[in-house]
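Undergrad: following is a predicted model, sequence given first.
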Amino acid sequence: MRSFPRSRVSVTLSLVALSALLASLLAFQTFGSSAHAASTSVKSASTLLKLTSLGTTHLVTGSSVSNNQSLEVNPAADDEASPKAEVSGQKPPLNPPPANTPPPNPEGQHVTSNNPGFSGFNGLSHLDQRDAGTDVYANTQFSLEPPDQGLCVSNKFVLDTINTALEVRSPSGTLLSGPTAINQFFGLTPEVDRTTVTFGAFSSDPKCYFDPDTGHWFLTVLEIDTDPATGAEIGPSHALIAVSETSNPTGDWRTFSLNTTNDGTDGTPSHPSCPCFGDQPLIGADANGFYITTNEFPLFENGFNGSQVYAISKNALVEAASHPNVSFSPTVVLIDASQALAPYGGLSYSLQPATQPSRDFLGREHNGTEYFLSALQFVDTVDNRIAVWALTNTRSLDRSFPQVSLSFTVITSELYGQPVPVTQKAGPTPYATSQGSTEGFLNSNDDRMNQVVYAAGVLWSGLNTIIQVPGQDPRTGIAYFGVVPFWHGNQLGGRLAKQGYVSVKGNNVLFPSIGVNAFGEGVMSFTLSGPDYYPSAAYMPISLWGTGEIHIAQAGAAPEDGFTCVAPDLLCRWGDYSAAVASPDGSSIWLATEDITNEPRTSLANWDTFISRVRV
């Protein structure tokens, strides 16, 4: 939640063509604009940690309550300072563009209606989140924004999660279980007891993943202990993990706690200025492991400690979840990746681990390999570099003493840079008006890398970027990347097989997520907003062979009008991230995006989310 503010025949032919393309890329030895630098191992001692089992849990269906209450906003939910490190003064081996390099200025793309293979339904709304919770958790949820949307799907279920609730639906949209409050699901103290005016654990930044290999569901969330009297964050902090006992997410789950305080307590290493918390846990998986990366911030002072990588045996997690009555504590490997990019200008941030869309796992090289992508824009200008990361020997995660190794290489990419606040179509804003304010802008945050998927040999991802067409006001658009990782012996390399921009003339697109099936067929999800559009859920087909038109999945019905939108900065917290994932059978790409609809709102916010299914 924390922002850095401010017919199989055609498939067979496709796979043959893709194999030929990748082979030609890897055989091409004259490294041009996407040249790789020599790969570098991250020289950091790893730390072995243990998960703490919290017990078992399941989803419950929330009950509607009045939202006209006091204590609506969590006192612990402040924004953090930007984690982008100052330039170190070292000349990077692969140089960024000069400081006066203009930002990208692609032509705007066409927006059209939905295609015949589209369907969708409303997901969790702000009202759903506010009213989630039963029994002692009833009427204990804060109002908050943004939703920070997660999504994971099997062929039979759709799990939708946001700040701070989750639910399970059928592929047709029928509600099967939930909405459930995140704190209730994990057995935490309620967010707030309005009767006694006491505060509970702060939770945020949910992510979920359905693993097609094991048939189990994974859910993670950030948690920070708070002062019950004031709600202030005091620590310790944790990444909480839930793993379903079976392939049915409406059944029981087993929950675990991973200490991310990193102040030398509970076996954690002593990092600078800690106790700390692991902001925005990002998740990925390969055939052997389940991976969480965090951006580490001190709890009690300003600062940023860079990215931390946590690797856990996927088999051990599934085994522990499948036998909830057996005492079992999987081993976790922590690697401090913060200093790896120092020669390139700053601390690493937002290492996005890859997920894979099918059980035909890639990354078997080097005794199992998990790949990551990250951006390298450290100083709020423009850059033309991204990093490809590899965690090797992941099969060793099944051992008592794993021996994994993290390396990276930096490649030249298209330009991208710090995005700008996003305009909205003018419309009624009753909350802002009641506060003596005007319509706000959507906060596009920054140009960190968004979710990564590894499919058909390509790592796909995208990020927000500034778009500056000469003679026009700057806008926010999307830069996307399709990277082929490869090896020369033990040296990691990377080549851009596809890159490009998404933009709409005079308007903005932001917070992309790309879902790709095992055959390389993909769809990108994002928000569309600007003078011509209320905040809308939109998408665009994408593959190595090209991109399609932009489609509106659900048109926005009004401006964003929440409590974060008001003066003095008028920046509405939005997204932080969307979600996109392929169904395990490869027939569809599922998308989850924040928008503004005519669904019932609360007094403090009006956002909604939309779940889309695009058949490919």
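TA: Thanks, I have the structure now.
Undergrad: can you tell me the SS state at residue 395?
TA: When classified by DSSP: H, G, I helix; E, B strand; the rest coil, residue 395 comes out as helix.
Undergrad: contact partners for it?
TA: 288, 367, 368 (Cβ atoms under 8 Å, 6 or more residues apart in numbering). Just so you know, the C-beta spots here come from the backbone N, C-alpha and C atoms, and that holds for glycine as well.
Undergrad: just to check, the second one is in contact with residue 392?
TA: Spelled out, it's residue 367. Yes - in terms of Cβ atoms under 8 Å, residue 367 counts as a neighbour of residue 392; the distance is 6.8 Å.
Undergrad: neighbour count: the two, which is higher?
TA: Neighbour totals were compared for residue 367 and residue 392, and residue 392 leads with 22 against 13 (other Cβ atoms under 10 Å).
Undergrad: for the more buried one, which residues make a bridge with it?
TA: Beta-bridge partners of residue 392, counted by DSSP bridges, are residue 369, residue 405.
Undergrad: and it, what does it touch?
TA: When contacts are counted by Cβ under 8 Å, 6+ apart, residue 392 touches 365, 366, 367, 368, 369, 404, 405, 406, 407.
Undergrad: which residue ranges of the stretch 251-400 of the chain form helices?
TA: Using DSSP state H, counting those that start in this stretch, the helices of the stretch 251-400 of the chain run over 314-322.
Undergrad: pLDDT weak spots in it?
TA: Applying pLDDT under 70 to the stretch 251-400 of the chain flags no residue at all.
Undergrad: are we agreed that residue 127 is in a strand?
TA: No - using three-state DSSP, the assignment for residue 127 is helix, not a strand.
Undergrad: so what pLDDT did it get?
TA: Residue 127 carries a pLDDT score of 96 in this model.
Undergrad: quick one: residues contacting the closest residue to residue 50 other than its chain neighbours.
TA: Spatially, and ignoring its direct neighbours in sequence, residue 50 is nearest to residue 329 (4.7 Å; Cβ to Cβ, 6 or more residues apart in numbering). Each residue near residue 329 by Cβ under 8 Å, 6+ apart is listed here: 50, 51, 52, 53, 320.
Undergrad: what's the neighbour count on residue 202?
TA: 26.
Undergrad: list the beta-bridge partners for it.
TA: Counting by DSSP bridges, residue 202 is bridged to residue 224.
Undergrad: that one and residue 224 touch, don't they?
TA: Yes - Residue 202 lies in contact with residue 224 (Cβ under 8 Å); the separation is 4.5 Å.
Undergrad: joint contacts of those two?
TA: The contact sets of residue 202 and residue 224 overlap at 76, 233 (Cβ under 8 Å, 6+ apart).
Undergrad: looking at the protein, which helix or strand is least sure?
TA: Sorted by mean pLDDT, DSSP states H and E, the helices and strands of the chain end with helix 8-27, the least confident at a mean of 38.
Undergrad: what's in contact with the helix or strand just after that one?
TA: Following helix 8-27 in sequence order, the next helix or strand is strand 40-41 (DSSP states H and E). Contact with strand 40-41 is made by 340, 405, 406, 407, 408, 409, as judged by Cβ under 8 Å, 6+ apart.
Undergrad: does residue 570 really touch residue 441, like I thought?
TA: Yes - Residue 570 is within contact range of residue 441, at 5.7 Å (criterion: Cβ under 8 Å).
Undergrad: so these two - more neighbours on which side?
TA: Using other Cβ under 10 Å as the criterion, residue 570 and residue 441 rank with residue 441 on top: 21 against 16.
Undergrad: who's the more buried one bridged to?
TA: Note on residue 441: beta-bridge partners residue 571, judged by DSSP bridges.
Undergrad: quick thing: my sequence starts at 390, can you match it?
TA: I'll keep to 390 as the first residue from here, and by that count the last item is residue 830.
Undergrad: where do the strands sit along the stretch 890-1005 of the chain?
TA: Ranges of strands in the stretch 890-1005 of the chain, per DSSP state E, counting those that start in this stretch, are 897-905, 911-919, 922-932, 935-936, 939-943, 960-961, 968-971, 977-985, 996-1004.
Undergrad: the second one packs against which elements?
TA: Counting by 3 or more Cβ pairs under 8 Å, 6 or more residues apart in numbering; DSSP states H and E, the packing neighbours recorded for strand 911-919 are strand 864-877, strand 897-905, strand 922-932, strand 939-943, strand 968-971, strand 977-985.
Undergrad: against which helices or strands is the third one packed?
TA: With contacts defined as 3+ Cβ pairs under 8 Å, 6+ apart, the secondary structure elements packing on strand 922-932 are strand 897-905, strand 911-919, strand 939-943, strand 977-985, strand 996-1004.
Undergrad: can these go into a markdown table with extra columns for mean neighbour count and distance to residue 847?
TA: Formatted as a markdown table, the helices and strands packed on strand 922-932 follow (neighbours: other Cβ atoms under 10 Å; distance: least, Cβ to Cβ, whole Å):
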| stretch | mean neighbour count | distance to residue 847 |
| --- | --- | --- |
| strand 897-905 | 29 | 8 |
| strand 911-919 | 28 | 9 |
| strand 939-943 | 20 | 22 |
| strand 977-985 | 28 | 15 |
| strand 996-1004 | 24 | 19 |
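Undergrad: for residue 706, give its distance to residue 806.
TA: Using Cβ to Cβ, to the nearest Å, residue 706 is found at 38 Å from residue 806.
Undergrad: to clarify, my last question referred to residue 560.
TA: If you measure residue 560 against residue 806 using Cβ to Cβ, the figure is 39 Å.
Undergrad: these two: who's more crowded?
TA: Neighbours were counted for residue 560 and for residue 806 using other Cβ under 10 Å; residue 806 has more, 27 against 18.
Undergrad: what's residue 493 in contact with, if anything?
TA: Each residue near residue 493 by Cβ under 8 Å, 6+ apart is listed here: 771, 803, 804, 805, 806, 854, 855, 856, 857, 866, 868, 890.
Undergrad: in the stretch 390-539 of the chain, which spans are strands?
TA: 429-430, 436-439, 441-446, 500-501, 507-511, 539-542.
Undergrad: and residue 749, which of these is closest to it?
TA: Proximity to residue 749, assessed across the strands of the stretch 390-539 of the chain by Cβ to Cβ, is greatest for strand 539-542 (17.7 Å).
Undergrad: can you give me the pLDDT of residue 503?
TA: The model's pLDDT for residue 503 equals 77.
Undergrad: ok, now how distant is it from residue 896?
TA: Taking Cβ to Cβ, one finds residue 503 at 18 Å from residue 896.
Undergrad: who has more neighbours out of these two?
TA: Taking neighbours as other Cβ under 10 Å, residue 503 and residue 896 compare with residue 896 leading, 22 against 15.
Undergrad: isn't that one up against residue 918?
TA: Yes - in terms of Cβ under 8 Å, residue 896 counts as a neighbour of residue 918; the distance is 6.8 Å.
Undergrad: please enumerate the shared neighbours of these two.
TA: Any residue near both residue 896 and residue 918 by Cβ under 8 Å, 6+ apart counts here, and that gives residue 812.
Undergrad: surely residue 821 forms part of a helix?
TA: Yes - remark: residue 821 belongs to a helix, assigned using three-state DSSP.
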